[in-house]
Each structure stands twice: as structure tokens, then as C-alpha cells.
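Peer 1: sequence first, predicted model second:
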Amino acid sequence: MKKMLIICYFCGAGLWQTACHKIFVDDNPANTPLNNFDLVWSQVDEHYPYFQEKGVNWNTVRSKYRPKVNHQMTGEELFGILAQMLGELRDGHVNLVSPFNISRYWDWYQDYPRNVNWNIVDSAYLRKDFIYTGGVMAQKVGNTAYLWFESFSVTLNKTGMKYIIDKFRDCKGFIIDLRANGGGLVNTMYELGSYLVKEKTHVGYLRYKTGKGHNDFSDYYMEYFKPNDEGIRFNKPVVILTGRQSYSAANIFPGFAKGLPQITLMGETTGGGSASPLSIHLLNGWILRMSNFCMTDREHHTFEFGVEPDIHVDFSPVLERRGKDALIEAAVMYLNR
């Protein structure tokens, strides 16, 4: 009797609906360290989309780590080896989830200088009387509207967004701060995009793995920002602040928005992550998560390694000591030029 595994992921060109697929492995495989290792390696081999971009020879990786696995090892020892192997992919979307630990690759932002100080943003710019609705904190800064999106894990509130846009309609422009946004719901990213366009606008492409080969992909599907039904839209220029902690959906959003007429990206290159992860249950009950889709801009440039800003602005320790944020100050000056 074959053992069934269930793979769940998000799919659809611009729809991003949850889907589950059943796969079958060898007849009733035993829950052993070697079998779990082989399952992790083979599923990554078949489903991971960025081997070429990362320059990773997955067969060489297998040869490096498999000899370290034996039937006598503990679960903690196996977890350590699998975590090291998955780390070779240098991908923040690749995780191994066990009851006692979660593997992670965080070098995509930890190897870089920080470019935001939340205490300064909170005290000097949002202050005590900011507007808070649907995961958005908004405040008037000078003659601009400042919006802090800490995460896309919350669905935007259309009524709240309309209130913010109406309240600040006389400002010179809007600042969308994504510097500490690690992503979340892709639908939230598309929802935010709906406030940037007045008509259906092509912003990039999506493709996904269709076979076991490293180059087995679907055709590219065109991705769009579509205006929302209520006609709510930022009616002034928009500056999007980015940094290395802008990841996943918060990496794709500026990549899609870059090049739109009223949009300027400012700050530092984003952290990357251009796919929605799928999940696979192992024989021992652990969960393997990995990137599965590829997102690109309109010229098919990948977002996996981050999106470069239009205007590079470094975080300033000098201004920080004065209680000011260099990027917000630069954005305000840019919008008031």
C-alpha cells in the first residue's frame, strides 16, 4: 500500500487560492532518518524553482549531507543536518518545522545594516494621535501623508483606506513605509496595488513548477494591479520606502509597483523572496516549507534577490541621534520639491 503525502500551496495567476495536491511515495515507507532525509531532498529537487538562480548543485548537496545520516541518530541530530542542507538554498521561504524547532535562513537581512528605528518612527512621526485601521498606521508628516505597513498579514480595510486617502487628499504625496514588513497575505499586496492604478495595469509575471525537472515550468502568466470597485486611489505621488527586511509579499509589491508613473522607490534593496511557499508533511510529522512560484517584473527580472530602489538613501546614525529618520526626511523633501 502506497503512503499518501499531501502538498498544499497557493496558486493561480493573480488569484492565489489555496490548493492541495496528493502525491504517493514508495510502498509504506518506514519512518526512519534516512527515509525522511531522502524525502526532503527529493521534494526540494522536484519542486524548488531557483536552483539556476542560486547556482546550487542539489546532487552535490545530497552527497555532502546524506552520509551524515544514520538510523541511530536522534530527531534533534536529524533536524540539524536537514536544516544545514536547506540552508544551502539561501532562501528565507525554506523552513523545516518540527515540534521543537523551526529552521530558518535569515542572512537575507541579518547580514545587512538596519535602516529603520521603530522607536523614532513611533515617537517622532506617528506620534500619539496617528490613525490606525486595517494594519495601517497613518499620520501627517509636514505636508505629506505617512503610512506605516508593518505587515501584510492583515487584510486592508477599504473604509479605513478611503478615510486615510480622503483625510490627506491635500498633501503633496503619500509615503508607504515597508522597511520592517516581512510579508504576509499576497492578497493584501494586490489590494494595496489597487489603490495605485486607475485601470487594469500589467505589473509582472508569475510561473510555477510543473514537473520534476529543474527547468520544468509553466508558461508565464501576466499579473495585474486592478483598480478597486470603490474607485479609491492615491491621488498624489507615492514614495515607497524599502529595506532588507522588506520580504516576500513586501518584496513583490515594490517590484510590481516600480515603474508606475506616480511611484518612486526609495531606500535600500529589499530582502527578496518572490514566491509563495508550499508545505509538505514528512513521514515523522515534520513540515517542509519551500518556495514554489517565481515572480518577476515586466521585463522578467526576478525578485528573488531583492528589488533595487529608484533613489538609494542610507540610514543615518547622525540623524538617528537627533531623533530623526533619514529615509522619511528624504521622502518628505522629495515630495515637496
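Peer 2: Yes, it's here.

Peer 1: show me the helices in the chain, by range?
Peer 2: Counting by DSSP state H, the segments of the chain that form helices are 33-47, 51-54, 58-65, 75-87, 107-110, 118-120, 158-167, 186-193, 249-257, 317-321, 326-335.

Peer 1: which residues touch the fifth one?
Peer 2: What it means is helix 107-110. Helix 107-110 is touched from outside by 90, 92, 244, 245, 247, 271, 272, 273, with contacts defined as CB atoms under 8 Å, 6 or more residues apart in numbering. Backbone N, C-alpha and C define where each C-beta goes, glycine included.

Peer 1: export those to TSV and append columns for distance to residue 135 and neighbour count.
Peer 2: Putting the contacts of helix 107-110 into TSV (distance: CB to CB, whole Å; neighbours: other CB atoms under 10 Å) gives the following:
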residue	distance to residue 135	neighbour count
90	29	17
92	21	22
244	21	23
245	16	24
247	16	26
271	19	27
272	22	25
273	19	26
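
Peer 1: closest to residue 54 among the residues you listed?
Peer 2: Of all these, residue 54 sits closest to residue 90, with 6.1 Å by CB to CB.

Peer 1: gap between that closest one and residue 200?
Peer 2: The gap separating residue 90 from residue 200 is 35 Å, by CB to CB, to the nearest Å.

Peer 1: equivalent analysis for residue 287, please.
Peer 2: Distance from residue 287 to residue 200, by CB to CB: 37 Å.

Peer 1: which one of the two is surrounded by more residues?
Peer 2: A count of neighbours by other CB atoms under 10 Å puts residue 287 above the other of residue 287 and residue 200, at 14 against 10.

Peer 1: return the per-residue confidence for that one.
Peer 2: pLDDT for residue 287: 97.

Peer 1: shouldn't it be in contact with residue 99?
Peer 2: No: the criterion here is CB atoms under 8 Å, and residue 287 misses it with residue 99 at 10.3 Å.

Peer 1: want to throw the helices of the chain into JSON lines with mean pLDDT?
Peer 2: As requested, these are exported to JSON lines (pLDDT from 0 to 100):
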{"stretch": "helix 33-47", "mean pLDDT": "97"}
{"stretch": "helix 51-54", "mean pLDDT": "94"}
{"stretch": "helix 58-65", "mean pLDDT": "98"}
{"stretch": "helix 75-87", "mean pLDDT": "98"}
{"stretch": "helix 107-110", "mean pLDDT": "92"}
{"stretch": "helix 118-120", "mean pLDDT": "97"}
{"stretch": "helix 158-167", "mean pLDDT": "95"}
{"stretch": "helix 186-193", "mean pLDDT": "95"}
{"stretch": "helix 249-257", "mean pLDDT": "97"}
{"stretch": "helix 317-321", "mean pLDDT": "97"}
{"stretch": "helix 326-335", "mean pLDDT": "98"}
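
Peer 1: just name the most buried of those helices.
Peer 2: Most buried of the helices of the chain, by mean neighbour count (mean count of other CB atoms under 10 Å): helix 249-257, with a mean of 29.

Peer 1: farthest-separated two in the contacts of helix 107-110?
Peer 2: Spatially, the most separated pair among the contacts of helix 107-110 is 90 and 245, at 16.4 Å (CB to CB).

Peer 1: what distance do you get for the closest residue to residue 152 other than its chain neighbours to residue 266?
Peer 2: Leaving aside its chain neighbours, residue 152 sits nearest to residue 184 (3.4 Å; criterion: CB to CB, 6 or more residues apart in numbering). As judged by CB to CB, residue 184 and residue 266 stand 22 Å apart.

Peer 1: go on, residue 173?
Peer 2: As for residue 173, its distance to residue 266 is 12 Å (criterion: CB to CB).

Peer 1: any shared contact partners between these two?
Peer 2: residue 239.

Peer 1: for the residue nearest to residue 65 when sequence neighbours are not counted, what are its contacts?
Peer 2: Distance criterion CB to CB, 6+ apart; nearest residue to residue 65, sequence neighbours excluded, is residue 85 at 4.4 Å. Shown in contact with residue 85 (CB under 8 Å, 6+ apart): 40, 41, 61, 64, 65.

Peer 1: the strands in the stretch 201-337 of the chain, which residues?
Peer 2: Along the stretch 201-337 of the chain, the segments classed as strands by DSSP state E, counting those that start in this stretch run 201-208, 221-225, 238-242, 263-267, 277-281, 287-291, 293-296, 311-312.
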